[in-house]
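Participant: here is the input, now give the coordinates:
(one chain, ligands or ions: 1)
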Amino acid sequence: MATDIPHQTTSETTAGGELVRFEKVTKRFGATTVLDRLDFTVSQGKHVTLIGPSGSGKTTILRLLMTLLTPDDGRILVDGQPLDAEVRKKIGMVFQQFNLFPNMRVLRNVTEAPVHVLGLSKDEAVERAKGLLEMVGLGGKLDAYPTQLSGGQQQRVAIARALAMRPQVLLLDEVTSALDPELVAGVLDVLRDIARSTDITMLCVTHEMNFARDISDRVLMFDEGRVIESGPPEQIFGAPEHERTREFLSAVH
Ligand code: ADP
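Facilitator: Model (predicted):
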């Protein structure tokens, strides 16, 4: 597989340092406080996984980063800048439900945003897309429509599509949870390869604990909108300190 996925460079001030910062971020839905003065940072090139029970606020964090939601309080910085529509372009996301354009062939799904959002020439976009589709094992499916592909293949197109924008941060929201069990491994293998062979920063929500253990530099355990425990995967999975973490891990295993 190809190993080189260049991406937008980080500003001098934060190179190698902090890329994402949540500062006392609070998010409420009606009377429910989903995130409660949340603080965390993700450094350039690191892979951080968010785990925790359903409803603990993990997806809300990704949706805030995509500017699909806005915080009620606190602030979010990406590469040292307050998150807005422009800064948001540094972030790519792969969704649970793939969200491919159903009326476009695979190749066009991947070239569309680089041409229309980044202003790449069609030739450049096609070259980039072909390389990425080859990398995710779909070099032979350029002319297929999404409905002609398995869920696992569609999700691999979605990964290529996100990478085609050369994001600095890749968000992965339970990307295998809509897949038939036999298709999960192929998608996780592609992501493992990307994690291992590129320096892209990843923020990942997953229930696949083996995958989290393999790719993460740091794991954050959430409960009721707060990080109750964080550390390297060996610590969180091998010797969790918090009772809630132990309960959660024994329930998902
Ligand atoms: P997780 O990803 O950890 O399962 P979520 O971030 O999806 O958790 O959700 C956290 C809480 O916020 C849940 O109680 C959920 O029902 C609630 N929630 C999420 N989105 C909305 C929304 N758009 N409107 C109202 N409540 C929401």
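Participant: distance of the residue most central in space within the chain relative to the ligand?
Facilitator: Compute the mean C-alpha point of the chain, and by Cα atoms, centre = their mean the closest residue is L171, 1.7 Å away. Per Cβ to the nearest ligand atom, to the nearest Å, L171 is found 12 Å from the ligand. To be clear about C-beta, it is placed using only N, CA and C from the backbone, and glycine gets the same treatment.
Participant: alpha carbons only: can I get the stretch of helix or strand E229 belongs to in CSV?
Facilitator: Applying DSSP states H and E as the criterion places E229 in strand 226-231. The C-alpha coordinates for strand 226-231 follow below in CSV (Å, rounded to 0.1, in the frame of the first residue of the first chain):
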residue,chain,number,x,y,z
ARG,A,226,-16.4,14.2,31.3
VAL,A,227,-13.0,12.4,30.9
ILE,A,228,-12.8,10.2,33.9
GLU,A,229,-9.6,8.5,33.0
SER,A,230,-6.9,8.8,30.2
GLY,A,231,-3.6,7.3,29.3
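Participant: gap between the nearest residue to T176 once chain neighbours are set aside and L138?
Facilitator: Once flanking residues are discounted, T176 sits nearest to V184: 4.5 Å by Cβ to Cβ, 6 or more residues apart in numbering. As for V184, its distance to L138 is 17 Å (criterion: Cβ to Cβ, to the nearest Å).
Participant: so which of the two has more stuff around it?
Facilitator: L138 (23 against 18; other Cβ atoms under 10 Å).
Participant: secondary structure class for that one?
Facilitator: coil (DSSP: H, G, I helix; E, B strand; the rest coil).
Participant: does the closest residue to it other than its chain neighbours sit in a helix or strand, and which one?
Facilitator: Spatial nearest neighbour of L138, chain neighbours left out: R156 (5.7 Å); criterion: Cβ to Cβ, 6+ apart. Assessed by DSSP H and E, R156 sits inside helix 151-163.
Participant: so after that helix, what's the next helix or strand?
Facilitator: Following helix 151-163 toward the C-terminus (DSSP H and E): strand 169-173.
Participant: F40 falls within a strand, correct?
Facilitator: Yes: counting by three-state DSSP, F40 is part of a strand.
Participant: in this structure it contacts M221, no?
Facilitator: No: between F40 and M221 there is no contact under Cβ atoms under 8 Å: 11.6 Å.
Participant: shared neighbours, these two?
Facilitator: The contact sets of F40 and M221 overlap at 227, 230 (Cβ atoms under 8 Å, 6 or more residues apart in numbering).
Participant: tell me the helices and strands packed up against the helix holding R156.
Facilitator: strand 91-94, helix 106-116, helix 122-135, helix 181-197 (3 or more Cβ pairs under 8 Å, 6 or more residues apart in numbering; DSSP states H and E).
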